[in-house]
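Peer 1: Model the structure of this input:
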Amino acid sequence: MRASRLAALSTAVLLSAGLAACSPSSADGNGAAASDGAWESVTIEHALGTTVIEDKPERVATVNWANHEVPLALGVVPVGMAAANFGDDDGDGVLPWVEEALTELDADTPVLFDENDGIDFEAVADTQPDVILAAYSGLTQEDYDTLSDIAPVVAYPETAWGTSWREMVELNSRALGLEQEGRDLIADLEQQMADTAADFPAIEGRSAMFLTHVDPTDLSQVSFYTTHDPRTLFFEDLGMSVAGSIADASAETEKFALTRSAEQADAFADVDIIVTYGGEDLLATLEADPLLSQIPAVANGAVVSLPGDQPLGTAANPTPLAISWVLEDYVSLLADAADKAK
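Peer 2: Next up, the predicted model:
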């Protein structure tokens, strides 16, 4: 069941966010709105520098993937955001959970930035933002510097594309002066995940890995997301575990994905469940390969193959609005795979 994202949020979260939209609530030593409603400067340190937001943002722009979901979840409509370029099944640049949020906020679609060839700096500047949110992003230093000439920019805390959904909420909500509302949102989503996982006990403790898109014409290599990628961290949110082989490989890099030769497939002997993108025939392709078929998850048929060009596949990368939309469907697929694992 795909519950509406905003409807799934607790009344307390929505009420506090709605009030904050008119009069920001107090925050702690990192700055934000003072208890009397006066704005205090916010300082956010991140991988590309230090950002100081001197004045309360009224016009919020976001770039790169899903950053717009934080203000929308908290009742703030951006003036501009990146158009969806993955999983957008109807081609309108807006994913279904974002469309739901805009509808429930009775808001028009913001300006959509086309990022197929990189950030459209001119389009961002044209929206005249007071702040640019990019806590989950792959910004280069040059990107950051250029955007900073437009407005203060919130970049990723450590690793490009390595920001967890919690950190995305924490950083972006702090920049808006809605830090407590961000905490409430995180707590609400955590409760939703715990409740859903409890309905599917088969997944508890199961080890998993998330393959990147598999090229069925070239199975000589295995590419997978590391523990720096939200897709992999999502397993732990659901009471599963990241396979030790993946965790060990991740400890040696800051990259969000790695590649190994298929001849090293035996290294993944500790993987109960594999999640990846592809069609219905993908499992048969993996099972027919003399090397990859040795991975226990493949041998047991414990593979979740997500439609990479559909919203369900997109939402396996957890983001504030997508989590509620995908949760039951995704966990059900994981449970089906867990039933096949030995």
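Peer 1: Show me where the stretch 1-150 of the chain has its helices.
Peer 2: 5-8, 11-22, 69-73, 96-104, 121-126, 141-148 (DSSP state H, counting those that start in this stretch).
Peer 1: Among the ones you listed, show the one with the smallest mean pLDDT.
Peer 2: Sorting these by mean pLDDT places helix 11-22 lowest, at a mean of 45.
Peer 1: give me the low-pLDDT residue ranges for the protein?
Peer 2: 1-37 (pLDDT under 70).
Peer 1: tell me the domain ranges of it?
Peer 2: 5-195, 201-340 (automatic domain parsing).
Peer 1: can these go into TSV with extra columns for mean neighbour count?
Peer 2: Quick note: C-beta positions are derived from backbone N, CA and C, even for glycine. Putting the domains of the chain into TSV (neighbours: other C-beta atoms under 10 Å) gives the following:
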stretch	mean neighbour count
domain 5-195	19
domain 201-340	19
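Peer 1: if I pick Glu54, what's in contact with it?
Peer 2: By C-beta atoms under 8 Å, 6 or more residues apart in numbering, the residues touching Glu54 are Ser41.
Peer 1: Same check on the one 10 residues further on?
Peer 2: Under the criterion of C-beta under 8 Å, 6+ apart, the contact partners of Asn64 comprise Ala82, Glu115, Ile119, Ala134, Tyr136, Ser137, Gly138, Leu139.
Peer 1: same deal with Tyr225?
Peer 2: Contacts of Tyr225 were listed using C-beta under 8 Å, 6+ apart, and they are Met209, Phe210, Leu211, Thr212, Arg231, Thr232, Phe256, Ala257.
Peer 1: so the first one is in which element?
Peer 2: With secondary structure defined by DSSP states H and E, Met209 is part of strand 207-210.
Peer 1: Are there helices or strands packed against that strand, and which ones?
Peer 2: Judged by 3 or more C-beta pairs under 8 Å, 6 or more residues apart in numbering; DSSP states H and E, the packing partners of strand 207-210 are strand 221-225, helix 230-237, strand 241-242, helix 244-250, strand 273-277.
Peer 1: Parallel or antiparallel, list what pairs with the last one.
Peer 2: Strand 273-277 pairs in its sheet with strand 207-210 (parallel), strand 303-306 (parallel), by DSSP bridges.
Peer 1: Format those strands as CSV; extra columns: distance to Ala151.
Peer 2: Formatted as CSV, these follow (distance: least, C-beta to C-beta, whole Å):
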stretch, distance to Ala151
strand 207-210, 34
strand 303-306, 36
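Peer 1: Looking at those, spot the one closest to Asp184.
Peer 2: Closest approach to Asp184 among the strands paired with strand 273-277 is made by strand 207-210 (28.7 Å; C-beta to C-beta).
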